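>>> Kindly return the folded structure for what I paste below:
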Amino acid sequence: MNDRPGLRERKKAKTRAAIRKATYRLAAEEGWDAATTDRIAAEADVSPSTVVRYFPVREDIVLTDENDELLEARLRARPAGEEPLESLRAVVLEAVGTALGEEPAETRLRARLMVEIPSVRARFTETTAVTGRRLAHAVADRTGRDPDDLEVRIFTAAVLGALREATLYWAEQGTAGDLLPLLHRTVDTLRTGLTAPPAHP
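Got it, this is the predicted structure:
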């Protein structure tokens, strides 16, 4: 009896993975417009209603990875006293590195779609905000603040927004090179800010 929920969850995960794989394949080979709900369903060997049930928003198929809970847990597990910026750097870049290592083609395609398809880019902005609100709770707990404190919200949104912008920059450059150094550079920029060039006499 205890095995039944586990089996059910495994079946759900398998279905989600099939839908994702079909969507990426269609988008890569024929473009985003070809990745309709009906085409995705046929490719994944499921019904269109199943696709909609698992992903009510089509763009979420290529954007949502269900990692928010894991990110929050890893953020809470960072060493006590570590600066919040370094904590966020560690957990977010670890997640990105894992994605690049396990699904390099899908990660690059996702970034390209975010640049080329307005609806995907808009949804990416929305999902980043949702992730930020969740991580703000962990940041607040680690800094002894309330999650709704303006400073907590600004800080978390700024970090994730900057990392999102760096990802878009990477995609605009054709996803050439390694994304991780760009993300480290982004966090470093948040830390140091910008300085004006020296004035010429």
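
>>> Quick one: name whatever helix or strand follows the longest helix along the chain.
Under DSSP state H, the helix in the chain containing the largest number of residues is helix 3-30. In the C-terminal direction, the helix or strand that comes right after helix 3-30 (DSSP states H and E) is helix 37-44.

>>> how far off helix 3-30 does that next one point, in degrees?
For helix 37-44 against helix 3-30, the angle between stretch directions is 110 degrees (axes from the mean of the first three to the mean of the last three CA atoms, to 10 degrees).

>>> Export only the CA atoms of the next helix or strand along the chain from helix 37-44, formatted as CSV.
Read in the C-terminal direction, the helix or strand following helix 37-44 is helix 48-54, with elements assigned using DSSP H and E. Included here for helix 48-54 are C-alpha records, laid out as CSV according to Å, rounded to 0.1, in the frame of the first residue of the first chain:
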residue,chain,number,x,y,z
PRO,A,48,-4.3,17.1,-25.3
SER,A,49,-6.2,17.4,-22.1
THR,A,50,-3.3,15.6,-20.3
VAL,A,51,-0.9,18.2,-21.6
VAL,A,52,-3.1,21.0,-20.4
ARG,A,53,-3.7,19.3,-17.0
TYR,A,54,0.1,19.1,-16.4
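
>>> mind giving me the domain split of the chain?
Following automatic domain parsing, one gets these domains for the chain: 3-56, 61-192.

>>> Please name whichever of the ones you listed is nearest to residue 198.
domain 61-192 (16.6 Å; CB to CB). Quick note: C-beta positions are derived from backbone N, CA and C, even for glycine.

>>> Off-centre distance for the strand or helix carrying residue 129?
Remark: residue 129 resides in helix 118-143, with elements defined by DSSP H and E. Here the centre of helix 118-143 is set off from its chain's centre by 9 Å, with CA atoms, centre = their mean, to the nearest Å.
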